[in-house]
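K.L.:
need the 3D shape of this:
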Amino acid sequence: MRLILILTVIVLKSTTVSSQDLDSSLMILKAKVCLLEFLNYKSKTAIFEFINEPLSYKLLNSKGFSKHIYFFEIPLSFLQKKNLIYIYDYSFILAYNARTETIYRLKGFRLNDFPKFLSDTKNGNNIDYYTASAKDLQSANKFAKSFFIEGLDMKCLYKSAISVTKHKLKFSCLRPAEEID
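P.N.:
All right, here's what the predicted structure looks like:
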């Protein structure tokens with residue numbers, strides 16, 4: 001009986017570990033769809049070339065969020081390749097929820113998904129309760145002390161998400177990438 005219990009625990013533990021592995025191919029594919037607006041297409045096949053082209057990214061350090069939330073940065077530089085040109089020279093930051101397969105645009109995009117990300121964090125199971133709590137989501141100062149994402153101004157993002165004014169110029173963290181001349 002004890003052996004069955006031990007084997008059950010081992011099997012459950014191994015399935016938990018494998019389900020937490022990051023499917024980076026799906027994450028990058030979803031990120032590429034978000035980045036399509038930043039390309040200048042020279043041919044009808046440019047979109048397919050971009051989707052099939054490898055894209056470099058860097059996983060970012062974070063604190064306060066569950067292990068199934070991944071933050072990553074994708075640098076786009078002015079570069080001419082075959083039929084497409086990146087018309088922006090900027091690093092974009094995104095979040096990816098591996099459980100729900102949802103992607104959030106957090107920096108550099110014309111539309112910022114941080115209000116939705118914050119709402120999903122408040123309502124979902126996206127908090128690492130060893131380092132943060134639901135109480136830390138109640139004010140910008142508490143939020144900025146308990147939550148961290150490399151390369152982002154957490155206090156500014158929090159204030160922009162709860163602000164009645166959604167004007168991008170008021171919040172420096174919401175400014176999109178600027179086109180290269």
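K.L.:
could you use CA atoms for every contact and neighbour count after this?
P.N.:
OK.
K.L.:
residues contacting residue 96?
P.N.:
Contact analysis of residue 96 by Cα atoms under 8 Å, 6 or more residues apart in numbering lists 27, 69, 70, 71, 102, 103, 104.
K.L.:
excluding chain neighbours, what is closest to the second one?
P.N.:
Yep, that's residue 69 we're talking about. residue 97 (4.6 Å; Cα to Cα, 6 or more residues apart in numbering).
K.L.:
neighbours of the one you found, just the number please.
P.N.:
For residue 97, the neighbour count with other Cα atoms under 10 Å is 19.
K.L.:
and for the one 10 residues further on?
P.N.:
Neighbouring residues of residue 107 were enumerated by other Cα under 10 Å; the total is 26.
K.L.:
residue 26 too?
P.N.:
Neighbours of residue 26 (other Cα under 10 Å): 13.
K.L.:
over to it: give its phi and psi.
P.N.:
Per-residue torsions, residue 26: phi -70, psi -40 (degrees, to the nearest 10).
K.L.:
now residue 51
P.N.:
Torsion angles, degrees, to the nearest 10, at residue 51: phi -60, psi -40.
K.L.:
find the nearest non-adjacent residue to it, please.
P.N.:
residue 32 (6.5 Å).
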